[in-house]
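Asks: turn this into a model:
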Amino acid sequence: MKNVREQAEGREAVDTTAPAGSSRERVARSILDHGPSSAADLAVRLGLTQAAVRRHLDALTAAGYVTSREQKVYGHRGRGRPARVFLLTDSGRSTFYQAYDQLAADALGFLVEAVGGGEQGKEALVAFARARLARDGQRYAHQLGDCSDTEAKAQALAGALSADGYAATVRSAPLGEQLCQHHCPVAHIAEQFPQFCEAETELFSQLLGTHVQRLATIAHGDGVCTTFVPRAAPPPQHERHTPETTSTTDSTAASGRNPA
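Replies: Model prediction:
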């Protein structure tokens, strides 16, 4: 199963690359709809053999989407071992559509209105976005460590971002580096509230110690979030100053006069 929703059709998508993807999705969906279920219950409910159901359950368990436990028995329990039932893990539930994005958007919209809307609302969003990123910024700063040049800093930051799910890479560009984030976990929220992108750009500038320029964002419909990081300019070459005595000597030698 993939954590992707087919929004156009209003239903969840499954991993169709697996030969039994459709039936496997039905097994998981049945557990979601009916709660903890035994293999026998699932077989009857879905019109499959118990052997087929168990193959799907084994695959879902191996992927971390399903776990099992002994069935709870209320009242008198008969002889023999209680049946095992299967239930979805948090990872398994997350593969189905959940309205977390909408909940977050509603909460942020409420925050804007609660402080009076307008410029006050925007300022409140900026403050929230900065506060949210501040904790991550401390971790990122630690990972940048003693990196000195621009490329090393950008590479270290990309590694820290990737660990947080941003799938970040760095590629060289004329006059600098391009920090690319191929995934954005908060893209749907940033689409409605660009203050999150702005706060992230500010954080990158602080961490890298230079002004950076955001060239593209997933939230605005681009395929990748791209940030240009200029290379530090080389220190200017100082002109060599000739000692005054040497200059005098050279001048005297040229004129053939005695400096005394």
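Asks: the one helix or strand Asp58 maps to - contacts with which helices or strands?
Replies: Using DSSP states H and E, Asp58 maps to helix 50-62. When contacts are defined as 3 or more C-beta pairs under 8 Å, 6 or more residues apart in numbering; DSSP states H and E, helix 50-62 packs onto helix 21-34, helix 39-46, strand 66-70, strand 84-88. Backbone N, C-alpha and C define where each C-beta goes, glycine included.
Asks: who's in contact with His182?
Replies: Tyr166, Ala167, Ala168, Thr169, Val224 (C-beta atoms under 8 Å, 6 or more residues apart in numbering).
Asks: try Ala158
Replies: Ala168, Thr169, Val170, Leu179.
Asks: separation between it and Tyr166?
Replies: 8 Å (C-beta to C-beta, to the nearest Å).
Asks: circling back to that earlier point, buried set for the helix holding Asp58?
Replies: Neighbour-count burial for helix 50-62, with 16 or more other C-beta atoms under 10 Å as criterion, is recorded at Ala52, Val53, Arg54, Arg55, His56, Leu57, Ala59, Leu60.
Asks: longest helix of this protein?
Replies: Taking DSSP state H as the criterion, the chain has its longest helix at helix 118-144.
Asks: centre of the chain to that one, how far?
Replies: Between the centre of helix 118-144 and the centre of its chain there are 15 Å (C-alpha atoms, centre = their mean, to the nearest Å).
Asks: and what of stretch 207-219?
Replies: 15 Å.
Asks: measure it end to end?
Replies: When the termini of stretch 207-219 are compared using C-alpha to C-alpha, to the nearest Å, they are 22 Å apart.
Asks: quick one: Thr226 and Ile218 touch, right?
Replies: No. At 9.7 Å, Thr226 does not count as touching Ile218 under the criterion of C-beta atoms under 8 Å.
Asks: against which helices or strands is the longest helix of the chain packed?
Replies: Under the contact criterion of 3+ C-beta pairs under 8 Å, 6+ apart, helix 118-144 touches helix 100-114, helix 150-163, helix 195-208.
Asks: any chance of the contacts of Ala158 in CSV, plus pLDDT and secondary structure?
Replies: Compiled in CSV, the contacts of Ala158 are given as follows (pLDDT from 0 to 100; DSSP: H, G, I helix; E, B strand; the rest coil):
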residue, pLDDT, secondary structure
Ala168, 95, strand
Thr169, 95, strand
Val170, 96, strand
Leu179, 97, strand
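Asks: most neighbours among those residues, which one?
Replies: Counting neighbours by other C-beta atoms under 10 Å, Leu179 leads these with 26 neighbours.
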